[in-house]
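J.: dropping a prediction and its sequence here:
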Amino acid sequence: MAGCLIEPSRARRRIAGRVCRALRVGLAGCALALVACIAANGAWAAKAKASYRVDIETSPRSLRKLLETHLDVARFAKRSDISDDQFGFLVTATPQQVRDLAATEGYFSPVVRTDVRTVDGAKRVLVSVDPGPQTTISSIELSFRGPVLTEDPGQENATRFAFSLHDGDPFSQSGWDDAKGASLRALQARRYLGAKIARSEARIDPRTHEARLTVVYDSGPTFTMGKLDVSGTRRYPAWIVDNVNPVSVGDIYDVQRINELQRQLQNTPYYASVAIDVDNDPAKPADTPIHLKVSEYPYNSVRGGVGYSTDTGPHVQGSYSYLDTFGRAYPFSVVGRVDKIQRYGQVQLSMPPGPRAWTNSVLASYTSTDVSDTNIYSARVGVQRTRTSQNIDYVYSILYYQDRLTQNSGSPTTSRALVPSWSWTRRNTDDPLFPRSGNLIHAEAGFAVKGVATDQTFIRGYARGQQYLPIGKRDLMVFRAEVGGVFTSGPSSGVPASLLFRAGGSNSVRGYSFQSIGNNVDGSVLPTKYLMTGSAEYQHWFNRDWGAAVFFDIGTATDTWSEKIFYQGVGVGARWRSPVGPVNVDLAYGIRNRDVRPYLTLGIAF
């Protein structure tokens, strides 16, 4: 079979042309030759200005964009010092450059026409390209050698799964490189850190426009992880790194464990940045050193910010922290926030992380909320023990609550409780910032006993979750649900109001104002014993960054489940994957109150 070989492992790509010959001097060589020509003629080139315009006619759009970006005749059109000789060189070189560029997208037999005209004293270059049929992949052969064949077939399967090309897909150089890179990273992610591609080839048949792909992977030996080599610790004790380190000497290398180590360190308040490097010498795979370099925060830091939410309006927040209290790296922090409906403040003193990254702290806080003609003042003080890992967070606490509730009718009511509680959060998504599959789950439980610094015995539970289900490459379903309950034989007024529930708002039931769904008494919406909300949202993404959504929300908050009233909301929205996180702009219609409300949210509310 007549054909040619593409070998990306060489320093420069060699792209098959119509006669399947290797291109050794590519676009970079043409550009360098042109720059040298311009430099050699610099004295008179400035006098012989050549102003011209370039139009490129071809399809698909991706090929046209590629030619507009990389063709020399198009790139140099913006210069005003191109001489006639240089202009002629550019035009003459254009057909071959088009063939070379088109080959990277799988078009190996393009027909190129260039037409130069002068209109009103200005040159116009028309480049017409008929790319011909695009080469498609007819077969893919992935093979392995080394210990992976007997030690860990799962890694072989993971490597095959990560290879993103399939039979029948269009061939392009970038897709070919991306598929090999992704599959190699998958093989290196566990055990085989020193894995490499031993051989790869893309054999192109210009007559049938088919590509046969072959890759041979060499896994190399199994790597195990050794001791940490830590640098950059000056202000804070080095044993903090040891306490949060989830890696044990002799563990099989796993990039997820390395990522967990980095996450654990960055979850502490001490380190501004963490860089990790692992030796990958196949000759020394046992107990390979892990080089860790940290950059520390100063002892004192002051931070502040402003923002806006459609639920709570504009807000101002600030914090102060000192990380070396008692000269023993105890973090002390003061945090405050003020917005349209809420004022919040907290003081906390923590110990450095202990073994397995558990952290103990004491804290005191207050929250004053004034919304839906109801004012709730809540003061809390207590102790807590926390642990944050790669995917799961734990919190155990004992907090004393003293709340005061003021409403339109009746005198203010005060309630208090000493509440031991537990909370658990799990993150299991493909991307922490822009998830497309997986789920987020949070659960918490607590109780209080009358007479033990408590007015009324109760048990409290709460859970919420989000599920992401991809549909094809551009569409996505997002389901959200939450449920909560305070179980007690007495009235809800005997339970601290901040432990009860209301619904409504951008992250609850859209179409209704923030915390406007509850027990309505003379215009005041009081928090209730029971909560249930749910949401279904369909997203369609036009490109990587922009999408649209339609959604349906439903929920209720009530003191008596048999008397519950469900509130529904429907709407549409825009979605933007911004550099700082997801931005959602929604317009929702509340079916029960027949009201239209806009919402703006930043980030994943969880």
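T.: Received, thanks.
J.: can you show me the CA trace of the lengthiest helix in the chain as PDB?
T.: Using DSSP state H, we find that the single longest helix of the chain is helix 84-104. Extracted C-alpha coordinates of helix 84-104, given in PDB (Å, rounded to 0.1, in the frame of the first residue of the first chain):
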ATOM      1  CA  ASP A  84       7.800  43.600  -3.600                       C
ATOM      2  CA  ASP A  85      10.400  40.800  -3.700                       C
ATOM      3  CA  GLN A  86       9.400  39.800  -0.200                       C
ATOM      4  CA  PHE A  87       5.700  39.900  -1.100                       C
ATOM      5  CA  GLY A  88       6.500  37.700  -4.100                       C
ATOM      6  CA  PHE A  89       8.300  35.200  -1.900                       C
ATOM      7  CA  LEU A  90       5.300  35.000   0.500                       C
ATOM      8  CA  VAL A  91       2.800  34.400  -2.300                       C
ATOM      9  CA  THR A  92       5.100  31.700  -3.900                       C
ATOM     10  CA  ALA A  93       5.500  29.900  -0.600                       C
ATOM     11  CA  THR A  94       1.800  29.900   0.200                       C
ATOM     12  CA  PRO A  95       0.600  26.700  -1.700                       C
ATOM     13  CA  GLN A  96       3.200  24.500   0.000                       C
ATOM     14  CA  GLN A  97       2.500  26.000   3.400                       C
ATOM     15  CA  VAL A  98      -1.300  25.400   2.900                       C
ATOM     16  CA  ARG A  99      -0.600  21.700   2.100                       C
ATOM     17  CA  ASP A 100       1.600  21.400   5.200                       C
ATOM     18  CA  LEU A 101      -0.900  23.000   7.500                       C
ATOM     19  CA  ALA A 102      -3.900  21.100   6.000                       C
ATOM     20  CA  ALA A 103      -2.000  17.900   6.500                       C
ATOM     21  CA  THR A 104      -2.000  18.500  10.300                       C
END
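J.: my read: residue 273 touches residue 294, true?
T.: Yes. Counting by Cβ atoms under 8 Å, residue 273 touches residue 294, with 7.1 Å between them. For glycine as for every other residue, the C-beta is placed from the backbone atoms N, C-alpha and C.
J.: and the strands in the stretch 251-400 of the chain?
T.: Taking DSSP state E, counting those that start in this stretch as the criterion, the stretch 251-400 of the chain contains strands spanning 271-278, 288-296, 300-309, 313-325, 330-339, 342-350, 359-371, 374-388, 392-406.
J.: nearest to residue 525, out of those?
T.: strand 374-388 (5.9 Å; Cβ to Cβ).
J.: other residues contacting that closest one?
T.: Outside of strand 374-388, the residues within contact range by Cβ atoms under 8 Å, 6 or more residues apart in numbering are 263-264, 267, 356-370, 393-407, 496-498, 524-527.
J.: report the buried members of these.
T.: Among the contacts of strand 374-388, those classed as buried by 16 or more other Cβ atoms under 10 Å are 263-264, 267, 357-359, 361, 363, 365, 367-369, 397, 399-407, 496-498, 524-527.
J.: go through stretch 564-581 and flag the buried ones.
T.: By 16+ other Cβ under 10 Å, the buried positions in stretch 564-581 come out as 567, 569, 571, 573, 575.
J.: export that stretch to PDB, keeping only CA atoms.
T.: The C-alpha atoms that make up stretch 564-581 are tabulated as PDB, following Å, rounded to 0.1, in the frame of the first residue of the first chain:
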ATOM      1  CA  LYS A 564     -47.200  21.200  53.700                       C
ATOM      2  CA  ILE A 565     -47.500  23.400  50.600                       C
ATOM      3  CA  PHE A 566     -45.100  22.900  47.700                       C
ATOM      4  CA  TYR A 567     -43.800  25.900  45.800                       C
ATOM      5  CA  GLN A 568     -42.700  25.500  42.200                       C
ATOM      6  CA  GLY A 569     -40.400  27.700  40.100                       C
ATOM      7  CA  VAL A 570     -39.400  27.400  36.400                       C
ATOM      8  CA  GLY A 571     -36.900  29.400  34.400                       C
ATOM      9  CA  VAL A 572     -34.000  29.800  32.000                       C
ATOM     10  CA  GLY A 573     -30.500  30.900  32.500                       C
ATOM     11  CA  ALA A 574     -27.000  31.600  31.000                       C
ATOM     12  CA  ARG A 575     -23.900  29.700  32.100                       C
ATOM     13  CA  TRP A 576     -20.300  30.900  31.900                       C
ATOM     14  CA  ARG A 577     -17.200  29.000  32.900                       C
ATOM     15  CA  SER A 578     -15.200  32.100  34.000                       C
ATOM     16  CA  PRO A 579     -11.600  32.100  35.000                       C
ATOM     17  CA  VAL A 580     -12.600  32.300  38.700                       C
ATOM     18  CA  GLY A 581     -15.400  29.700  38.600                       C
END
